[in-house]
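> the following block contains a protein sequence and its predicted model.
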Amino acid sequence: MSFGKIYSTEGNPRTTSLFIIAKENGLDVELVPTTPGQVSEEYKKLNPLGKIPTFVGANGFVLTECIAIAIYLVSQNEKTTLLGKSKEDYASILKWASFANTELLPALAGWFRPLIGRDPYVKKNVDTAIAKSKSVVGVFEHHLAKNTFLVGERLTLADIFAASIISRGFELVFDPEFRAEYPNTTRWFNLIVNQPIYTNVVGEFKHIDEAVKYTPPKKEEKKKEAPKAAPKAEKKKKEVEEEEEEDVSAAEPKAKHPLDLLPKATLTLDDWKRKYSNEDTRSVALPWFWEQYKPDEYSLWKVDYKYNDELTLIFMTSNLIGGFFNRLEASRKHLFGALSVYGEANNSVVTGAFLVRGQDELPAFDVAPDYESYSFTKLDPSKAEDKEFVENQWTWDKPYEGKAWADGKVFK
């Protein structure tokens, strides 16, 4: 019998502990994939800020805030030892959970998010986040020098919750050098993530050999300019400087996108994007699209990532899609589509459907340096299976090749 649902993303560090506790207590809790920033007005009735996680019980009870949800799930077992032996233990468990949630995770996020493309990379900010992370981990290190567990002499919610939070660091940036610098924290983390209560949900944890590194986007080579004629000797220095400034500002006009040369289409892409964003996709937006769609003006394409065997965590794959979309910016007014991740960590695929101005995919996609990492197959919407594929990729409510939808992004 279902105990309730948790709205979150797969592998979210604030949610992992919730599923660990639920399984330990024999509670049937379903994950409802929910991406912050892409939530519906209905979801905001449950969580007004549109954040995750949110718990909705089978009895209609709604609860937000990860620590509150964790306490609620643990307390379903009246004989649990995860909340400690005393009031002092209970207060200490809340202290460590709050510390991990409000101090550790934001610091770690400031470190790794820019490295994986989720936030803009500003070296000064990343360096500040690294220093903050080390300071916070130092608190764990000092405490764990004399303690096996965070609270008391046995495993508690504090350990499960904090290990779930700090796991992001061990997954992405805590390389061998960092682990050697914080041996007590590493020892404690290894102890917790190898407990059956943890591995039954998360599986075996493998440490990284090298921290993720920031890879700057590819820059186009600047065209070599013809050497400028030397200024006449009699010119004043100020006049020369003004002349050079004028030369810099008089840049060549920006080259037009090749798809700008096509005749004006009867279907305005912005109209479709607004319809898709504001109306129910299956019942309203898609019927409108097929009425307006003209195959001589636009083509439809199946887009597949070529290296699915290299994909690991779902959120990292989602970031890969986001980076690809960022690099398609120059073609935004000629493109609409969605790419999704189907499956689970270490067993997923990326596929999607795109509407492209014109009949060839290359002019739209080759603006992204990594477009060759994807394969493109032209679709024929007069075929039922191709039309169904497009609709499924734009609605995200159907599995693909036996794999459940895990995450996705829309390019519009």
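Alright, I've got the coordinates.
> around Ala68, how many other residues sit close by?
As a burial measure, Ala68 scores 11 neighbours (other C-beta atoms under 10 Å). C-beta: built from backbone N, CA, C; applies to glycine.
> element containing it?
Following DSSP states H and E, the helix or strand that holds Ala68 is helix 66-74.
> equivalent analysis for Phe376, please.
Secondary structure (DSSP H and E) places Phe376 in strand 374-379.
> list the buried residues of that strand.
When burial is assessed from 16 or more other C-beta atoms under 10 Å, strand 374-379 yields the following buried residues: 374, 376, 379.
> before we move on, back to that, flag every buried residue along the helix holding Ala68.
Judged by neighbour count (16+ other C-beta under 10 Å), helix 66-74 contains these buried residues: 66-67, 69-74.
> same question, stretch 398-412
The neighbour-count criterion (16+ other C-beta under 10 Å) identifies 400, 403, 405-412 as the buried residues of stretch 398-412.
> so what would you say the end-to-end distance of it is?
Start to finish, the residues bounding stretch 398-412 are 21 Å apart (C-alpha to C-alpha, to the nearest Å).
> on that earlier part again, also compute the angle for the following helix or strand past the helix holding Ala68 relative to helix 66-74, please.
Scanning forward in sequence from helix 66-74, with DSSP H and E defining helices and strands, the next element found is helix 87-99. For helix 87-99 and helix 66-74, the angle between their directions (axes from the mean of the first three to the mean of the last three C-alpha atoms, to 10 degrees) works out to 140 degrees.
> just to revisit the earlier point, the strand holding Phe376 - contacts with which helices or strands?
When contacts are defined as 3 or more C-beta pairs under 8 Å, 6 or more residues apart in numbering; DSSP states H and E, strand 374-379 sits against strand 298-305, helix 384-395.
> got the angle for the very next helix or strand once past the shortest one vs strand 298-305?
In the C-terminal direction, the helix or strand that comes right after strand 298-305 (DSSP H and E) is helix 314-327. The directions of helix 314-327 and strand 298-305 differ by 140 degrees, with the same axes, to 10 degrees as the criterion.
> what would helix 314-327 look like as PDB? C-alpha coordinates only.
As requested, the backbone C-alpha atoms of helix 314-327 are provided in PDB (Å, rounded to 0.1, in the frame of the first residue of the first chain):
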ATOM      1  CA  ILE A 314      21.100  11.600 -14.300                       C
ATOM      2  CA  PHE A 315      21.700  15.200 -13.200                       C
ATOM      3  CA  MET A 316      25.100  15.200 -15.000                       C
ATOM      4  CA  THR A 317      23.500  14.000 -18.200                       C
ATOM      5  CA  SER A 318      20.800  16.700 -17.800                       C
ATOM      6  CA  ASN A 319      23.700  19.200 -17.500                       C
ATOM      7  CA  LEU A 320      25.200  17.800 -20.700                       C
ATOM      8  CA  ILE A 321      21.900  18.600 -22.500                       C
ATOM      9  CA  GLY A 322      21.800  22.000 -21.000                       C
ATOM     10  CA  GLY A 323      25.300  22.800 -22.200                       C
ATOM     11  CA  PHE A 324      24.400  21.600 -25.700                       C
ATOM     12  CA  PHE A 325      21.300  23.900 -25.700                       C
ATOM     13  CA  ASN A 326      23.400  26.900 -24.600                       C
ATOM     14  CA  ARG A 327      25.600  26.400 -27.600                       C
END
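> tell me how far the one helix or strand Leu108 maps to is from the chain's mean position?
Under the criterion DSSP H and E, the helix or strand holding Leu108 is helix 105-112. Mean-position distance between helix 105-112 and its chain equals 14 Å (C-alpha atoms, centre = their mean, to the nearest Å).
> residues touching that helix, excluding its own?
13-14, 119, 125-126, 128-130, 132-133, 135-136, 165-166, 168-169, 172-173, 212 (C-beta atoms under 8 Å, 6 or more residues apart in numbering).
> apply 7 Å and report the result again.
Judged by C-beta atoms under 7 Å, 6 or more residues apart in numbering, the contacts made with helix 105-112 from elsewhere in the structure are 13, 125-126, 129-130, 132-133, 136, 165, 168-169, 172-173, 212.
> show me how far whichever helix or strand comes after it is from its chain's centre.
Sequence-wise, the next helix or strand beyond helix 105-112 is helix 123-144, with elements assigned using DSSP H and E. Its chain's average C-alpha position is 23 Å from that of helix 123-144, according to C-alpha atoms, centre = their mean.
> on contacts alone, who are the packing partners of the very next helix or strand once past helix 123-144?
On the C-terminal side of helix 123-144, the nearest following helix or strand under DSSP H and E is helix 157-172. Secondary-structure packing of helix 157-172 (3 or more C-beta pairs under 7 Å, 6 or more residues apart in numbering; DSSP states H and E): helix 13-24, helix 66-74, helix 87-99, helix 105-112, helix 183-193.
> report all helices and strands that the last one contacts.
Here helix 183-193 is seen to pack against helix 123-144, helix 157-172 when contacts are counted using 3+ C-beta pairs under 7 Å, 6+ apart.
> to Arg179, which of those helices lies closest?
If you check each of these against Arg179 by C-beta to C-beta, helix 157-172 wins as the nearest, at 7.9 Å.
> next secondary structure after the closest one?
With elements assigned by DSSP H and E, the helix or strand that comes after helix 157-172 is helix 176-181.
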